[in-house]
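1. Fold the stuff below for me.
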Amino acid sequence: IADVPRHRGEIGRAALVTADTLLFLVPAEVRATMAADALATDLRDQLSDTRLIVTGPAPGGVTPEAVSRALDLPLSGVLQRDRKTATALEEGGIAASMRRGPLADLCKQLVPTLGQEPVTIQAEAA
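-> Residues are numbered from 1 along each chain as shown. All right, here's what the predicted structure looks like:
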């Protein structure tokens, strides 16, 4: 697992070259989706198993499926923001906060699918 920034340096490029699966996080926003388009194309060219995680909530009502179609990436999950995670990171208690909540739920959903062909999910209505 590697968290690679948008502007990847040498280490980020090395992580992408060795990765089996890439989970690309994009906010459920028109502007973010447009900004992610060129990067999504680049990532698909570098790694055949590139999947999308859409983060929300969507302030303008953009659906995860719309982001998936726009970026031509399979939607593998939706991550709703959780204020408790940010607080836990700042306070150093991230391990305890990871047991429950949106991030834990997403991980439970994703882990069994790694190493398999990507399957596009249907996001639940918010």
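
2. and the longest helix for this protein?
-> helix 30-46 (DSSP state H).

3. could you pull out the helices for this protein?
-> Using DSSP H, helices in the chain cover 10-18, 30-46, 64-71, 83-91, 94-97, 102-110.

4. C-alpha coordinates for the third one, CSV please?
-> The one in question is helix 64-71. What follows is helix 64-71 as a C-alpha-only set of coordinates in CSV (Å, rounded to 0.1, in the frame of the first residue of the first chain):
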residue,chain,number,x,y,z
PRO,A,64,-20.2,8.2,-8.0
GLU,A,65,-21.5,6.5,-11.2
ALA,A,66,-21.2,9.8,-13.1
VAL,A,67,-17.6,10.2,-11.9
SER,A,68,-16.9,6.6,-13.0
ARG,A,69,-18.3,7.1,-16.4
ALA,A,70,-16.5,10.4,-16.9
LEU,A,71,-13.1,8.9,-16.0
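
5. can you list the residues that contact that helix?
-> 24, 26, 28, 33, 36-37, 40, 52, 54, 56, 74-75, 78, 120, 122-123 (CB atoms under 8 Å, 6 or more residues apart in numbering). Glycine gets a C-beta too; all of them are placed from N, C-alpha and C.

6. filter the residues you listed to the buried ones?
-> Among the contacts of helix 64-71, those classed as buried by 16 or more other CB atoms under 10 Å are 24, 26, 28, 33, 36, 40, 52, 54, 56, 75, 78, 123.

7. what sits against the residue lying closest to residue 15 once chain neighbours are set aside?
-> Leaving out its chain neighbours, the residue that sits closest to residue 15 by CB to CB, 6 or more residues apart in numbering is residue 2, at 3.9 Å. By CB under 8 Å, 6+ apart, the contact set of residue 2 is 12, 15, 19.

8. Let's see the pLDDT reported for residue 2.
-> Listed pLDDT for residue 2 reads 72.

9. ok, now the one 3 residues further on?
-> pLDDT for residue 5: 74.

10. now do residue 45
-> For residue 45, pLDDT reads 82.

11. Same check on residue 20?
-> Residue 20 is given a pLDDT of 85.

12. Thanks a lot, see you next time.
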